[in-house]
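K.L.:
what follows is a predicted structure for the sequence shown.
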Amino acid sequence: MSRVLFVTGTNTEVGKTAVTAAVAALAVRAGLRTAVLKPGQTGVAPGEPGDAEEVVRLLGPAGARLTTRELVRYPEPLSPERAGLRSGLPFLTVPQFVGAVEELTDSHDLVLVEGAGGLLVRYDADGLTLADLAQSVAGAELLLVAHPGLGTLSITALSAEALRARKLACAGVVIGSWPSEPDLATRCNLADLPVAARAPLLGALPLGAPGAADFAALAATSLAPELGGRWDAAAFTEAHAVPFA
């Protein structure tokens with residue numbers, strides 16, 4: 001049975017696309033038929049590469065074995081709802097989305113659905129969100145991508161609470177951009193993020209990961225076994241532990 005994993009951020013610019021690519025890279029390397037679905041792309045003009053194309057680029061030659069699909073696109077870098085209203089282009093619909101997921105799951109082992117911004121960003125004027133889209137897919141799981149620094153705990157907890165309220169499964173949390181010199185709050189958040197999310201910490205991609213020469217190798221050392229890698233949350237947290245005063 002195909003796995004459908006939604007990748008959502010706690011907010012914008014947290015590394016969703018890099019995490020999506022990292023999961024995809026390991027799945028492709030493991031021989032899984034993998035697809036990346038972008039329901040709504042904003043801030044990209046017709047003909048320009050969007051997030052799905054960025055995933056393919058990060059995978060390098062292995063990207064040729066990846067299926068990508070984008071459903072709606074708007075040129076302005078706004079929420080899909082506002083970008084759609086301003087452009088006059090059609091909104092995403094649930095039947096359109098479900099049809100795409102069903103088509104992809106028929107021929108793939110893993111379908112990664114990358115959201116736009118956070119979990120409750122609106123895709124249309126009636127309030128359609130990524131959470132609603134996830135509820136339309138039986139057995140869907142969600143992966144939260146969070147930033148590591150000060151302020152991340154509340155928005156991670158709020159996102160996880162929204163998932164629980166909708167009875168959606170949270171697979172875990174991945175830090176989308178771990179700095180080379182983490183400050184005190186960032187180091188403490190390694191222990192606190194899984195508590196806030198009530199879900200396991202499943203990885204930490206280094207800041208600048210999209211520039212890695214061997215992205216798949218980096219993904220393997222940055223994601224936990226549940227996502228196809230060999231990253232060890234306990235060991236990583238211990239290595240950055242903050243001594244008690």
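P.N.:
Thanks, I have it. Note that the structure is predicted; figures quoted are calculated from it, not measured. Numbering: from 1, shown residues only.
K.L.:
strands along the chain, start to end?
P.N.:
3-9, 34-42, 67-74, 110-118, 141-146, 169-178, 201-206 (DSSP state E).
K.L.:
alpha carbons only: can I get the last one in PDB?
P.N.:
Only the C-alpha atoms of strand 201-206 are listed here, as PDB (Å, rounded to 0.1, in the frame of the first residue of the first chain):
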ATOM      1  CA  LEU A 201      12.500  14.300  16.300                       C
ATOM      2  CA  LEU A 202      13.300  12.700  13.000                       C
ATOM      3  CA  GLY A 203      16.100  14.700  11.600                       C
ATOM      4  CA  ALA A 204      18.100  18.000  11.400                       C
ATOM      5  CA  LEU A 205      19.300  19.200   8.000                       C
ATOM      6  CA  PRO A 206      22.300  21.400   8.200                       C
END
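K.L.:
that one: how far from the chain's middle?
P.N.:
Taking CA atoms, centre = their mean, to the nearest Å, the mean C-alpha location of strand 201-206 is offset from the chain mean by 12 Å.
K.L.:
packing partners of that strand?
P.N.:
helix 16-29, strand 169-178, helix 184-197, helix 215-222, helix 233-239 (3 or more CB pairs under 8 Å, 6 or more residues apart in numbering; DSSP states H and E). For the C-beta atoms, the positions are set from N, CA and C on the backbone; glycine is no exception.
K.L.:
thinking again about what came up before, any chance of the strands of the chain in CSV, plus distance to Asp232?
P.N.:
Listed next are the strands of the chain as CSV, based on distance: least, CB to CB, whole Å:
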stretch, distance to Asp232
strand 3-9, 21
strand 34-42, 24
strand 67-74, 31
strand 110-118, 23
strand 141-146, 18
strand 169-178, 14
strand 201-206, 10
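K.L.:
adding mean pLDDT, write those out as CSV.
P.N.:
Putting the strands of the chain into CSV (pLDDT from 0 to 100) gives the following:
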stretch, mean pLDDT
strand 3-9, 97
strand 34-42, 98
strand 67-74, 98
strand 110-118, 96
strand 141-146, 98
strand 169-178, 97
strand 201-206, 98
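K.L.:
the residue nearest to Thr221 when sequence neighbours are not counted and Gly15, how far apart?
P.N.:
Of all residues not flanking Thr221 in the chain, Trp231 sits nearest, at 6.1 Å (CB to CB, 6 or more residues apart in numbering). Distance, Trp231 to Gly15, by CB to CB, to the nearest Å: 15 Å.
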